[in-house]
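Participant: For reference, the sequence and a predicted model appear below.
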Amino acid sequence: MKPTQNKMLSIVSREKGVPSNEPFGYFSLKVSFILLFLIHFNSIAFGGDIPLNFQLEPGYSNFAPGNCGIGGQYNSMCNIGQASTDPDTTPFYQGTALIDGNNYWHIIVGDPANGFAMESYVPVSALLSPTGGKPSVFFPWDTDLEAVSGNGWDPLGLDPSRNFDYTGNGSADPTKVVLRQVMGGIWDAGTQTWSCGGEAFCSEFLKEDMAFKPKIAQTINDVPGMMTSYFELDMSSLGYNDDSTAGTLQNTLTITDPDMPAAYPNAGDFDMMTDRQAGYSTVTGGRYTYTPSCTSSTTCWSDRDIGDGNWEFDEGFYSYVSGDADVLNYEWDVYWDPDQNPIGPGNEAKCDSGIITGTCP
């Protein structure tokens, strides 16, 4: 996969201790329309059962660029600048979904059968969003790619002069998204279900309800190392205005070495539920709140005109009962792996590399 960063991901990355910088491999036109997607939701409370199965459900509608590789399907808008072929072949989809009378933007990145996939829904509404970052310019259509790209020009802030005001990373509202990300594991195409199975590694970030916090799980099954471990922090019953209750934590380690002493076969095992020492182990995971900077998306933007080179968005903030996390000033560029993506994240890197011509500034 080719890690880059998009404003939508900042919604998850601000969950304390869960820096989640998912690989987005589609910029240029794709970023332009991702950014358009990002300015089309506000603070309306949407409900209903939203499927998180990495599939295009019946009745879903494509929205540019539409389907770029999900299920092996492509369309003419999957290129760069309407001309060049994108070297990144990561499957990508953007469209709309009408669920229980509510309209959502629907994004899928990756394929769970290939070891990584992320899916998200946010409500469709007015033309402003509760998330920051450099806005895009869509009109006139002959605007150069840097202006059209908005924060997708340099989504990880590789230029040290560009902070969260430019990238938008860490600025979005977690109460306006449902999201699922899986890594590793086994995908059953027949039943359209994902599980860890006996894989060496798997993890899942699952946020099924906009109003509630996520559940995070990770499994390691190291057969050569003769150990297995499981970690799960379930915060899915906790709202974002509740810091009084911790999530339910499972944390186990099992040694499978057959040479363990017969008298103490489980001497190396650990289960936090039963083995932790009273007074020495305190679970604070999930004990945080999120406070938006406004109740309406339109009031969060005090200046959205980029003509003068300035724009201003009022970010919400997190508060923790223990410790702190300043993800607005986190160095997100550490998630760019040059071995996976030698060109670099964002359209600026694609222009600098020469694979985009004509539309570059």
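Facilitator: Okay, I see it.
Participant: Run a quick neighbour tally on G101.
Facilitator: Other residues within reach of G101, judged by other CB atoms under 10 Å, total 8. All C-beta atoms are positioned from the backbone trio N, CA, C, and that covers glycine.
Participant: Per-residue pLDDT of the residue sitting furthest away from the middle of the chain, please?
Facilitator: Relative to the average C-alpha location in the chain, and by CA atoms, centre = their mean, no residue lies farther out than A263, which sits at 47.0 Å. Turning to A263, the model gives it a pLDDT of 83.
Participant: does it count as helix, strand or coil?
Facilitator: Of the three states, A263 takes coil according to DSSP: H, G, I helix; E, B strand; the rest coil.
Participant: and the next element down the chain from the strand ranked longest in the chain?
Facilitator: Of all the segments of type strand in the chain, defined by DSSP state E, the longest one is strand 102-111. Past strand 102-111, heading to the C-terminal end, the next element that is a helix or strand (DSSP states H and E) is strand 116-123.
Participant: so where do the strands sit in the stretch 201-350 of the chain?
Facilitator: 201-207, 215-222, 227-234, 248-255, 270-271, 288-291, 301-303, 312-313, 317-320 (DSSP state E, counting those that start in this stretch).
Participant: Could you list the low-confidence segments of the protein?
Facilitator: Counting by pLDDT under 70, the chain contains low-confidence residues at 1-48, 59, 63-64, 80-86, 125-130, 138-143, 296-299, 357-358.
Participant: So which of the strands of the stretch 201-350 of the chain is nearest S149?
Facilitator: Comparison of the strands of the stretch 201-350 of the chain against S149 by CB to CB identifies strand 312-313 as nearest, at 17.4 Å.
Participant: ok, back up a step: reformat the strands of the stretch 201-350 of the chain into JSON lines and put distance to D188 and mean neighbour count next to each item.
Facilitator: Output for these, formatted as JSON lines (distance: least, CB to CB, whole Å; neighbours: other CB atoms under 10 Å):
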{"stretch": "strand 201-207", "distance to D188": "14", "mean neighbour count": "19"}
{"stretch": "strand 215-222", "distance to D188": "17", "mean neighbour count": "19"}
{"stretch": "strand 227-234", "distance to D188": "21", "mean neighbour count": "17"}
{"stretch": "strand 248-255", "distance to D188": "24", "mean neighbour count": "16"}
{"stretch": "strand 270-271", "distance to D188": "29", "mean neighbour count": "14"}
{"stretch": "strand 288-291", "distance to D188": "35", "mean neighbour count": "17"}
{"stretch": "strand 301-303", "distance to D188": "43", "mean neighbour count": "14"}
{"stretch": "strand 312-313", "distance to D188": "42", "mean neighbour count": "18"}
{"stretch": "strand 317-320", "distance to D188": "36", "mean neighbour count": "14"}
